[in-house]
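J.: dropping a prediction and its sequence here:
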There are 2 protein chains.
Amino acid sequence: MNYQLPTTNYQLPTTNYQPARTSFVTGKLLTSLIHQYLPLAVMSVSLRQKKMIMASETLEKLNWRYATKKFDKSQTLSEEKIEILKQAFNLTATSYGLQPIKMISIKDKEVQAQLVPFTMQQQQVADASHVLVLCVEKTISKHYIKEYFSRVATIRNTPAAILQPFEAFLIDSFSEKETSEIRQWMEKQAYIALGNLLTVCAYEQIDACPIEGFEPEAYDTFLELDKRNLNSVLVLAVGHRAEDDMFATMKKVRKGVDNVVIDY
Amino acid sequence: MNYQLPTTNYQLPTTNYQPARTSFVTGKLLTSLIHQYLPLAVMSVSLRQKKMIMASETLEKLNWRYATKKFDKSQTLSEEKIEILKQAFNLTATSYGLQPIKMISIKDKEVQAQLVPFTMQQQQVADASHVLVLCVEKTISKHYIKEYFSRVATIRNTPAAILQPFEAFLIDSFSEKETSEIRQWMEKQAYIALGNLLTVCAYEQIDACPIEGFEPEAYDTFLELDKRNLNSVLVLAVGHRAEDDMFATMKKVRKGVDNVVIDY
C-alpha cells in the first residue's frame, strides 16, 4: 500500500549493464541504433533492477518501513508480535556477548500519555500500541562479567579452565576503562538493538518510530529505573500507522547507493 | 541445519500461562492434581512456545545467525546478495535522516589479507567473501546539512519555505555541539546500520561477523579514507560459514527474555 520504488535515488549497478556491441557499426548506423535501442536498454536495465527490488522481500520490507509520525490508537499489536520483538531484542548481537542492555515494554495507555511531556510532546508515545524503552546498565561490575561466564559454562557446558583466561582478560580490560568509555560502549550496543528491532519490525509489518528526542533523566525517574540499575537511552514506539499519517506515502529521502557505498 | 531451539534460556511468558483453578480443591487432592497435571501443563506451554518460535521465520533466522568465526574461503556471495546489503545499508534509519555514514565494500582477497594485522589477527577479514567497513563522516558542516534539505526538496518536491525553519534549527543545533559529541552521535548511527545489516544478513542467510576489534587509524590509512573525509568505525565480514566452524553449532548464550525485558 505504502510501498514506493526508490526510483529517485536508485543507481544502476555497472556489473549488470551490458552495452550493445558497437565494433561493427559506424557513423549514422551507430547513431540510429543508439537512438533506437539505448532508451530501451536503459529502461530495461532499470526495470530489471526494479524487479530485483520487488523480488527481494528484504528491500520491499525496508522500503515499506518509515518513521511513523501518527499511530492508529485503536490498534494493538498481538501478543505474538510483541513476543517476537522481545525475543528478537534478546537475540541482538552485543560486544563480547555481554548484553549490557535491557528493554522496558509499556502498553498502559495512561502511563504512555504521561510520557508525552518528557518526549518533546511527540504524540507517538501516547498513541502507539507499545512503547519500548531501550536501557543500558549503570555499571559493568566484575560480578556482572563473572555472571556472563557462568552462563556460558552452564549453557555450553564449557569447562571453567577454558573460559578463565578470557574472563580474566575482560575483567582486567573493563577495570582499566573510564566510566564514560564503558557508558559509550553500552549505548552503542543499545543502537545495535535499535537497528535490529527496526528491521524486525519491517519484516513483521509492525510500524515503528525510533525516538532519540526525549529526556532520559525524566524517563529514568518516572519509570523508577534507578531501582533496576538502568538508564534509558532510546525509545521505540511500535504499533500500526494511522490511515491519515501523511508521512507514510512520502518518498524516502536517501543519497544514492553509489554515493554511500564505495567499492574498494 | 544449525538451527537451535533456545531451550536453555527460553522463558515462559506469563500471559499465556493458565494455572489450574484451585479454589475448589484442597490438601491431598491439590497435591495429586499438581503432580499429575503440572508437568504436562508446563510441557505443553513450552511446546506451544517452541512451535511459535519455529513458526516465526524471524526468530528462526535470528537463531540461525551467529558471529562467524571461520568463513569458507571458496565461496563468494552473489552480486544480488551484495546489492541487497548495499541497498539495505542505504535504507538504514538515521537520526534526522542525515545519513552521516558510508560503507566501503572490499572483495579483493589480496587487500583483505593485508587487513588481518590491523584486525587483531582475525582471519575472518581474509577468508570472508566481502569485508564491509562502516565509516562516519569526519565532520558535519553547514553545507552537509544544506545538501540534505536540498535532497528533501528535490525528492519530495517540498517547498523550501516549509523546510527552512527545520534546516535553520539543525544548522544551529550542530554548530553548538562539541566535535566529540557529533562524533559520538555519528558512531551511534553506524551501530544502527550494523544492527540492520546483521538482521538483513540473517534473513538473507548470509553469514556475518561483526568486528569492533580492529585498528581504525590503520584502516583509515590503508584504505585512504582521509581523501573521502571518512573514519572507519566498524567492520563486518560477510560470506558463508566454513563447514568446520565449531562455533556454528554452539548453543546461543543469552540471558532469559524475562531477565532482559521488563513489562511495565
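T.: Alright, I've got the coordinates.
J.: what's the average pLDDT for the top strand by length along chain A?
T.: Longest among the strand segments of chain A by residue count, using DSSP state E, is strand A:230-239. Strand A:230-239 shows a mean pLDDT of 98.
J.: so does it get close to chain B?
T.: No. Residues of strand A:230-239 contacting chain B under CB under 8 Å from any CB of the partner chain: none, with a closest distance of 8.6 Å. For glycine as for every other residue, the C-beta is placed from the backbone atoms N, C-alpha and C.
J.: for that strand, name the packing helices and strands.
T.: For strand A:230-239, the packing partners by 3 or more CB pairs under 8 Å, 6 or more residues apart in numbering or on different chains; DSSP states H and E come out as strand A:101-106, helix A:124-127, strand A:130-137, helix A:179-203, strand A:207-211, helix A:216-222.
J.: who does it pair up with?
T.: strand A:130-137 (antiparallel), strand A:207-211 (antiparallel) (DSSP bridges).
J.: mind listing what's buried along stretch A:78-92?
T.: Under the neighbour-count criterion of 16 or more other CB atoms under 10 Å in any protein chain shown, stretch A:78-92 has A:81-92 buried.
J.: give me the contacts around it.
T.: The list of residues contacting stretch A:78-92 from outside it, by CB atoms under 8 Å, 6 or more residues apart in numbering or on different chains, reads A:99, A:101, A:103, A:105, A:130, A:132, A:189, A:192-193, A:196-197, A:200-201, A:204, A:206, A:238, B:6, B:9, B:13, B:15-16, B:52-53, B:56, B:58-59, B:62-63, B:65, B:195, B:252, B:254-257, B:260-261.
J.: kindly export it (C-alpha atoms) in PDB.
T.: Extracted as PDB, the C-alpha positions of stretch A:78-92 are listed here (Å, rounded to 0.1, in the frame of the first residue of the first chain):
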ATOM      1  CA  SER A  78      -0.900  -9.100  19.000                       C
ATOM      2  CA  GLU A  79       0.800 -10.900  21.900                       C
ATOM      3  CA  GLU A  80       2.600 -13.000  19.300                       C
ATOM      4  CA  LYS A  81       4.200  -9.900  17.600                       C
ATOM      5  CA  ILE A  82       5.300  -8.500  21.000                       C
ATOM      6  CA  GLU A  83       6.800 -11.800  22.000                       C
ATOM      7  CA  ILE A  84       8.700 -11.800  18.700                       C
ATOM      8  CA  LEU A  85      10.100  -8.300  19.400                       C
ATOM      9  CA  LYS A  86      11.100  -9.300  23.000                       C
ATOM     10  CA  GLN A  87      12.900 -12.500  21.800                       C
ATOM     11  CA  ALA A  88      14.500 -10.500  18.900                       C
ATOM     12  CA  PHE A  89      15.800  -8.000  21.400                       C
ATOM     13  CA  ASN A  90      17.300 -10.700  23.500                       C
ATOM     14  CA  LEU A  91      18.900 -12.200  20.300                       C
ATOM     15  CA  THR A  92      20.600  -8.900  19.400                       C
END
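J.: what average pLDDT does that stretch get?
T.: Per-residue scores along stretch A:78-92 average to 97.
J.: quick one: it to chain centroid distance?
T.: Taking CA atoms, centre = their mean, to the nearest Å, one finds stretch A:78-92 lying 14 Å from the centre of the chain it belongs to.
J.: number of residues surrounding the residue nearest to A:Ala218 when sequence neighbours are not counted?
T.: Leaving out its chain neighbours, the residue that sits closest to A:Ala218 by CB to CB, 6 or more residues apart in numbering or on different chains is A:Phe118, at 3.9 Å. Look at A:Phe118: counted by other CB atoms under 10 Å in any protein chain shown, it has 21 neighbours.
J.: phi first, then psi, for the closest residue to A:Gly213 other than its chain neighbours.
T.: Spatially, and ignoring its direct neighbours in sequence, A:Gly213 is nearest to A:Met120 (4.7 Å; CB to CB, 6+ apart). As for A:Met120, its main-chain torsions (degrees, to the nearest 10) stand at phi 50, psi 40.
J.: so for A:Met120, what's the pLDDT?
T.: 97.
J.: likewise for the one 10 residues further on?
T.: With respect to pLDDT, A:His130 has a value of 98.
J.: and what of A:Asn9?
T.: So, for A:Asn9, pLDDT stands at 28.
J.: and if you look at A:Val45?
T.: So A:Val45 comes in at 41 (pLDDT).
J.: near chain B, which residues of the stretch 151-264 of chain A?
T.: A:151-152, A:154-156, A:184, A:187-189, A:191-200, A:203-204, A:210, A:212, A:223, A:228, A:250-257, A:260-264.
J.: any idea how many residues pack against A:Ala55?
T.: The number of residues near A:Ala55, taken as other CB under 10 Å, comes to 10.
J.: same check on A:Gln205?
T.: Neighbours of A:Gln205 using other CB under 10 Å come to 11.
J.: is it true that it touches A:Glu60?
T.: No. In this structure, A:Gln205 is not within contact of A:Glu60 by CB atoms under 8 Å, at 10.9 Å.
J.: distance of A:Tyr96 relative to B:Ala193?
T.: From A:Tyr96 across to B:Ala193, the span is 20 Å (CB to CB, to the nearest Å).
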